[in-house]
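Undergrad: I'd like to go over a predicted model; first the sequence, then the structure.
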Amino acid sequence: MATLLAAASRRAATLARTPAPSQAASLIPRRGLAGAADHHGPPKVNCWQDPMNPAKWKEEHFVIVSLSGWGLLFFSGYKFFTKGKKEENMVEAAH
């Protein structure tokens, strides 16, 4: 019997502390855009604003420049090592 009274009094206390539904929304924590303004480290710049310092570039600019450089390196290596082979085959086929 004492446990039933204790449980009922706990429920009544909980209901008394709970705000009205219109005030319940104010209890929900909202961060909004609070994390967007927290910069860690120096500000990042576009790659053409400081081309000799890749550490200050924005991440997406660093990726684009790096992938373009590797692509240029592989393509020019391919063209260099396969340069004469296709021309010789075309000259032999023409005669």
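TA: Yep, that arrived.
Undergrad: so what's Val45 bridging to?
TA: Trp57 (DSSP bridges).
Undergrad: To what extent is it buried, counted in neighbours?
TA: 14 (other Cβ atoms under 10 Å). The way it works is simple: take the backbone N, C-alpha and C, and place the C-beta from them, glycine included.
Undergrad: mind checking how far it is from Phe62?
TA: 11 Å (Cβ to Cβ, to the nearest Å).
Undergrad: Would you mind identifying the next helix or strand past the lowest-mean-pLDDT helix or strand in the chain?
TA: The weakest-scoring helix or strand in the chain, judged by mean pLDDT, DSSP states H and E, is helix 21-24 (a mean of 62). Once the chain leaves helix 21-24, the next helix or strand it forms, by DSSP states H and E, is helix 59-81.
Undergrad: Run through who's touching that next one.
TA: 44, 46-47, 54, 57 (Cβ atoms under 8 Å, 6 or more residues apart in numbering).
Undergrad: and these, which two are the farthest apart?
TA: Spanning the widest gap among the contacts of helix 59-81 are Asn46 and Pro54, at 11.9 Å by Cβ to Cβ.
Undergrad: Determine the residues that are contacts of both of these two.
TA: With Cβ under 8 Å, 6+ apart, Asn46 and Pro54 have no common neighbours.
Undergrad: residue ranges with poor pLDDT in this structure?
TA: Flagging of the chain using pLDDT under 70 yields the residue ranges 1, 4, 14-27, 29-39, 84-95.
Undergrad: ok, back up a step: please produce a ChimeraX select command covering the buried subset of the contacts of helix 59-81.
TA: Buried members of these, identified by 16 or more other Cβ atoms under 10 Å, are gathered into one ChimeraX selection as follows:
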select :44,47,57
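Undergrad: Columns distance to Arg11 on top of the contacts of helix 59-81, output as JSON lines?
TA: Shown next, in JSON lines, are these (distance: Cβ to Cβ, whole Å):
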{"residue": "Lys44", "distance to Arg11": "55"}
{"residue": "Asn46", "distance to Arg11": "61"}
{"residue": "Cys47", "distance to Arg11": "63"}
{"residue": "Pro54", "distance to Arg11": "63"}
{"residue": "Trp57", "distance to Arg11": "60"}
